[in-house]
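**Student:** Following is a predicted model, sequence given first.
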Amino acid sequence: MSSSGFYADIQAFDDFSGIADLDNYRRAPDDWHVVIADVVSSTAAIAQGRYKDVNMIGAACINAVLNISQKKTIPYVFGGDGATLMVPPDRLQHATDVLLGVRDLAATKFDLSLRVGVVPVADIHHQAGVAVRVGKYRLSPGNELGVFSGGGIEIAEKWVKSGNDYLLQHRSAEGSPDLSGLSCRWEPLASQNGIMLSLLMQARGSDEAGKAGLYRNLIDAIEAITASSGETVKPVSEANMKFRWPPRGMVAEIKATVGGRNRTLYGLQLYLISLIQWCLDRFDITAGGYRGKAYRSELRDNTDYQRFDDTLRILLDCDAQQAERIDALLQSSEARGELNYGLHRSDSALMTCLVFNLDKGQHIHFVDGSDGGFTAAAKNMKAKRQSAGI
């Protein structure tokens, strides 16, 4: 019996706190594969002010695999400088081919080195003795994100980063990946409360129920701390959604999506399309599936500012006092040996978009703190763990 429909058949949950409910997860089939992709030396690229490029390549990994699959069958998590996906056996070869294409694209067009590893779920289950469990978090009808628990994704990341056993072989792709739908036309999202806070939290220990309880408590406590900010605690709001022409992210979009087309003609086409989009947005005109204010509302609903893949990742727009209270909360939990965490403060966030079907409202928007975001938070967490000898 084919396992290809495994993820499509999982019942989605609508409240993000559902990531802490073990009943929302299903054990992944042994014949599926975990894909780990990340930009090597992303910290150096960030220091050069190239975090938009880093984000673009991470999102491209997801987009390339979704474009050769039925989108509802592939779980994925955006990591800022990379991505985590899980693919069924009948998509593995195609996924490998397009990811090689993204790796070539990163090297030739962006001067970035992309590391891609593919780990059989069976190896994680039977060699490491930990589970890959998968859930489905619904942002809005037709727009779902994968979530992962059980420790298997963390193991896959360690294996991919520690050696060559699971890395994709070093050969060139046969063609350019299809990255249609990938765009980055919105301006950086300025914080409305003072601080864009990128948070990473990893519960310690092997007790899955205990870790789930800790994540639920953390979500509840952070929500209580930021409750006074209302909807503005979300990094995307009506106040900070700015669309200008020409978009500052257009050069990166052209480089990523041009494929084998004439770059000059293709670039002119995208600039014209973006000008039309600016007019539609500015004057709230509906055309070609784009519906001005309705799209803005959908976009806010479809922003993945909260994610979970054995690591809880949250981006919040908060004030200085709230940021200090959240830091103190996490410091106390860390001191008790309950978790490892990292954070990064910035004054804005960046958004990269995957647009599938505007008529049906199917589009996902990845957000990350500027000046490093989740990558800087991960560096902060790693430094603390090393100093503590963990």
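**Tutor:** Structure received.

**Student:** how about residue 238, secondary structure?
**Tutor:** Recorded secondary structure, residue 238: coil (DSSP: H, G, I helix; E, B strand; the rest coil).

**Student:** Tell me the pLDDT of it.
**Tutor:** For residue 238, the pLDDT comes out at 91.

**Student:** and it, what does it touch?
**Tutor:** 296, 300 (Cβ atoms under 8 Å, 6 or more residues apart in numbering). From N, CA and C alone the C-beta is placed, and that goes for glycine too.

**Student:** Can you tell me the SS state at the closest residue to residue 229 other than its chain neighbours?
**Tutor:** Spatial nearest neighbour of residue 229, excluding adjacent residues (Cβ to Cβ, 6 or more residues apart in numbering): residue 193 at 5.7 Å. The three-state assignment at residue 193 reads coil, by three-state DSSP.

**Student:** Would you agree residue 193 is in contact with residue 317?
**Tutor:** Yes: if you go by Cβ atoms under 8 Å, residue 193 and residue 317 touch, sitting 5.2 Å apart.

**Student:** which residue ends up closest to the midpoint of the chain in space?
**Tutor:** Central residue of the chain (Cα atoms, centre = their mean): residue 78, 1.5 Å from the mean position.

**Student:** ok, now how distant is it from residue 217?
**Tutor:** Between residue 78 and residue 217 the distance, using Cβ to Cβ, to the nearest Å, works out to 25 Å.

**Student:** try residue 334
**Tutor:** According to Cβ to Cβ, residue 334 and residue 217 sit 14 Å apart.

**Student:** again, but for residue 107
**Tutor:** For residue 107 relative to residue 217 (Cβ to Cβ), the value is 43 Å.

**Student:** what does residue 300 give?
**Tutor:** 27 Å.

**Student:** Neighbour count: the two, which is higher?
**Tutor:** Neighbour count, other Cβ atoms under 10 Å: between residue 300 and residue 217, residue 300 has more, with 18 against 14.

**Student:** can I assume the more buried one sits in a helix?
**Tutor:** Yes: if the criterion is three-state DSSP, then residue 300 is within a helix.

**Student:** The residue nearest to residue 229: what's it in contact with?
**Tutor:** Residue 193 neighbours (Cβ under 8 Å, 6+ apart): 229, 232, 233, 317, 318, 319, 322.

**Student:** Show me what the helix-or-strand element of the chain with minimal mean pLDDT is in contact with.
**Tutor:** None of the helices or strands of the chain scores lower by mean pLDDT, DSSP states H and E than helix 42-47, at a mean of 86. Under the contact criterion Cβ under 8 Å, 6+ apart, helix 42-47 has outside partners 39, 51, 53, 54, 81, 82, 112, 371, 372, 375, 376, 379.

**Student:** residue contacts, the second one?
**Tutor:** With Cβ under 8 Å, 6+ apart as the criterion, the residues that contact residue 51 are 45, 350, 368, 370, 371, 372, 373, 375.

**Student:** Including neighbour count, secondary structure and distance to residue 16, could those go into CSV?
**Tutor:** Listed next are the contacts of residue 51 as CSV, based on neighbours: other Cβ atoms under 10 Å; DSSP: H, G, I helix; E, B strand; the rest coil; distance: Cβ to Cβ, whole Å:
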residue, neighbour count, secondary structure, distance to residue 16
45, 21, helix, 30
350, 26, strand, 21
368, 33, strand, 17
370, 23, helix, 23
371, 18, helix, 25
372, 24, helix, 24
373, 28, helix, 19
375, 29, helix, 22
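
**Student:** Now flag whichever of those residues is closest to residue 242.
**Tutor:** Distance to residue 242, by Cβ to Cβ, is smallest for residue 350 among the contacts of residue 51, at 12.4 Å.

**Student:** hey, what's that closest one bridged with?
**Tutor:** Beta bridges link residue 350 to residue 368 when assigned by DSSP bridges.

**Student:** Isn't it up against residue 372?
**Tutor:** No: Residue 350 lies out of contact with residue 372 (Cβ under 8 Å); the separation is 10.6 Å.

**Student:** Residue 242: how many residues sit nearby?
**Tutor:** 10.

**Student:** Helix, strand, or coil at it?
**Tutor:** Strictly by three-state DSSP, residue 242 counts as coil.

**Student:** Quickly note the distance from it to residue 249.
**Tutor:** For residue 242, the distance to residue 249 - Cβ to Cβ - is 12 Å.
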